[in-house]
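> Fold the following, please.
(2 chains)
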Amino acid sequence: MTATGPATAPVTAALALGDDALVLSHRLGEWAGHAPVLEEEVALANIALDLLGQARVLLSLAGDEDELAYLREERAFRNLQLVEQPNGDFAHTIARQLYFSTYQQLLYAELAAGDGPFAPLAAKAVKEVAYHRDHAEQWTLRLGDGTQSSHERTQRACDALWRFTGEMFQPVEGLTTDPAALETRWLESVTDVLGRATLTVPEGPRSGAWTAGAGRQGLHTESFGRMLAEMQHLHRSHPGASW
Amino acid sequence: MVTATALETELLELAGAVPDPELPVLTLRELGVLRAVRLHGTDTVEVDLTPTYTGCPAVEAMSLDIERVLRAHGMREVTVRTVLSPAWSTDDITPEGREKLREFGIAPPRVHPGTGPVPLALGPTRTHDTAAEAEPVRCPHCGSADTELLSRFSSTACKALRRCLACREPFDHFKEL
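Residues are numbered from 1 along each chain as shown, chains lettered A, B, ... in the order given. Got it, this is the predicted structure:
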């Protein structure tokens, strides 16, 4: 297919961005009832709700939102492996938020400035994501520059998730943004936050042979299947059920 | 701009008078989420509604309320469309809407300084209280400007949780978007 009009959303890109938002939304929702303090419980649920709203719009550009969310198999999901990583401790969740929301804010700001099919959603979502990124930054500063224990655990979390960050800058079919330029700005921003949080920018590779761009191609890490099973179980057990 | 007929204006007023399901002190017109009402024929109407936040769960309740009100006014078919563009901003809340929020105990959003895009500074220039550039958030109870942020997120996606350092009351702030 060539020369699709500006109103037609490229399905591959809509799925990639929609699945990122959906999967991270679900992971954050898992904190409900478990967050360290009430304010954080509310904050993580609010962020999850924003992401779910974005996912609904994006998946609707690619097809039927419910079918896509609840009836696809693991290999059909196109989300980054970063967003499917288990919540771990609070530091892991915050490191994941910092890495992802920095990427999402930069990407959406660029999409919002254009006139492509994602511009209306991106223009709206980028304002929400600015709050998500700020929330992650404030927590990274507080944990990194906090106690010895919070510092060590946050460093460990940043190190552990580092190898999933290269995938964000693989080209996605249908996205006209420049991944290399995005990556430079992402590294600048994350390096700045980690530095102010007295944390060290991890040194390992940002992707491995088995991880490079694999989520976008439908290859996922071990815990994702279990997450999907939980997410899809109700819908699959009671097809067509409604409130 | 297409000129609205007298009936369209009337329907827009009716739909605009529907209270927000989560903040019933505000009407949809005061919240600034009602974009247009278009009449097709004599009794088929299409309403454009924009969400405050992309994931705002109140949109469905708003749509149902609008449908109910317009049907009661003789419309046979009411379709409520969700439109994203141009994105809703807290600047779309009317002055009387802001006043009602304050009376209700919610600090209204501050007006954005410019009309351009929201500044998205990443990195070193970020200060602790991001949105607090010029104007302080005032306590809706005692009016003090001496308030602190407790959490950027509160009971709904559109609010932040703050505390007044003068009267010690915690309060919601309709955060700028």
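> Report all helices and strands that the lengthiest helix in chain B contacts.
In chain B, taking DSSP state H as the definition, the longest helix is helix B:58-72. Packing partners of helix B:58-72 (3 or more Cβ pairs under 8 Å, 6 or more residues apart in numbering or on different chains; DSSP states H and E): helix B:6-16, strand B:44-49, strand B:77-82. (C-beta placed from N, C-alpha, C; glycine too.)
> Tell me the helix or strand right after the first one.
Counting by DSSP states H and E, the next helix or strand C-terminal to helix B:6-16 is helix B:28-31.
> For chain A, give me the ranges with low pLDDT.
Scanning chain A for pLDDT under 70 picks out A:1-8, A:209-213.
> and B:Thr82, what does it touch?
Contact analysis of B:Thr82 by Cβ atoms under 8 Å, 6 or more residues apart in numbering or on different chains lists B:Leu49, B:Thr50, B:Pro51, B:Val59, B:Ser63.
> State the pLDDT value of the last one.
Just to be clear, that refers to B:Ser63. Reported pLDDT at B:Ser63 in the predicted model: 95.
> What is the end-to-end distance of stretch A:110-125?
12 Å (Cα to Cα, to the nearest Å).
> So which residues make contact with it?
Here stretch A:110-125 makes contact (Cβ under 8 Å, 6+ apart) with A:6-10, A:13-14, A:17, A:50, A:54, A:57-58, A:61, A:104, A:107-109, A:126, A:175-177, A:182, B:51, B:54, B:84-88, B:117.
> sorry, back to before: between the helices and strands packed on helix B:58-72, which gets nearest to A:Glu137?
Proximity to A:Glu137, assessed across the helices and strands packed on helix B:58-72 by Cβ to Cβ, is greatest for strand B:77-82 (31.0 Å).
> ok, then the element right after the helix or strand of chain B with the lowest mean pLDDT?
Across the helices and strands of chain B, mean confidence by mean pLDDT, DSSP states H and E is lowest for strand B:147-151: a mean of 90. Note on strand B:147-151: by DSSP H and E, the next helix or strand toward the C-terminus is strand B:159-164.
> Report the inter-axis angle for whichever helix or strand comes after that next one versus strand B:159-164.
Under the assignment DSSP H and E, the closest C-terminal helix or strand after strand B:159-164 is strand B:170-174. Angle of strand B:170-174 versus strand B:159-164, following axes from the mean of the first three to the mean of the last three Cα atoms, to 10 degrees, is 140 degrees.
> Adjacent strands (with direction) for strand B:170-174?
Here strand B:170-174 has these sheet partners by DSSP bridges: strand B:106-107 (parallel), strand B:159-164 (antiparallel).
> quick one: buried residues of it?
By neighbour count, and taking 16 or more other Cβ atoms under 10 Å in any protein chain shown as the criterion, the buried residues in strand B:170-174 are B:Phe171, B:Asp172, B:His173, B:Phe174.
> From the contacts of B:Thr82, pick the one nearest A:Ile94.
B:Pro51 (27.4 Å).
> a strand runs through the closest one, doesn't it?
No: assessed by DSSP: H, G, I helix; E, B strand; the rest coil, B:Pro51 does not belong to a strand; its assignment is coil.
> surely it meets A:Asp50?
No: the criterion here is Cβ atoms under 8 Å, and B:Pro51 misses it with A:Asp50 at 10.9 Å.
> thinking again about what came up before, let me have the strands paired with strand B:170-174 in JSON lines, extended by mean neighbour count.
Converted to JSON lines, the strands paired with strand B:170-174 look like this (neighbours: other Cβ atoms under 10 Å in any protein chain shown):
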{"stretch": "strand B:106-107", "mean neighbour count": "22"}
{"stretch": "strand B:159-164", "mean neighbour count": "21"}
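> is it possible to export those strands to a markdown table including mean pLDDT?
Formatted as a markdown table, the strands paired with strand B:170-174 follow (pLDDT from 0 to 100):
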| stretch | mean pLDDT |
| --- | --- |
| strand B:106-107 | 95 |
| strand B:159-164 | 92 |
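> and the contacts of B:Thr82, which two are the farthest apart?
Among the contacts of B:Thr82, B:Thr50 and B:Ser63 lie farthest apart (Cβ to Cβ), at 11.8 Å.
> If we ignore the residues flanking it in sequence, what's nearest B:Glu13?
Nearest residue to B:Glu13 in three dimensions, chain neighbours excluded: B:Arg29, at 7.8 Å (Cβ to Cβ, 6 or more residues apart in numbering or on different chains).
> same question, A:Ala62
With Cβ to Cβ, 6+ apart as the criterion, A:Ala62 has its nearest non-adjacent residue at 4.0 Å, and that residue is A:Ala14.
> returning to what we had before: mind giving me a markdown table with the buried residues of strand B:170-174 and columns for pLDDT?
Shown next, in a markdown table, are the buried residues of strand B:170-174 (pLDDT from 0 to 100):
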| residue | pLDDT |
| --- | --- |
| B:Phe171 | 94 |
| B:Asp172 | 94 |
| B:His173 | 94 |
| B:Phe174 | 93 |
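> out of the residues you listed, who's nearest B:Lys159?
Ranked by distance to B:Lys159 (Cβ to Cβ), the buried residues of strand B:170-174 are led by B:Asp172 at 4.4 Å.
> residues near A:Gly146, how many?
Using other Cβ atoms under 10 Å in any protein chain shown, A:Gly146 has 15 other residues around it.
> residue in chain B nearest to chain A?
B:Gly55 (2.4 Å; Cβ to the nearest Cβ).
> Report the closest residue of chain A relative to chain B.
A:Gly53 (2.4 Å).
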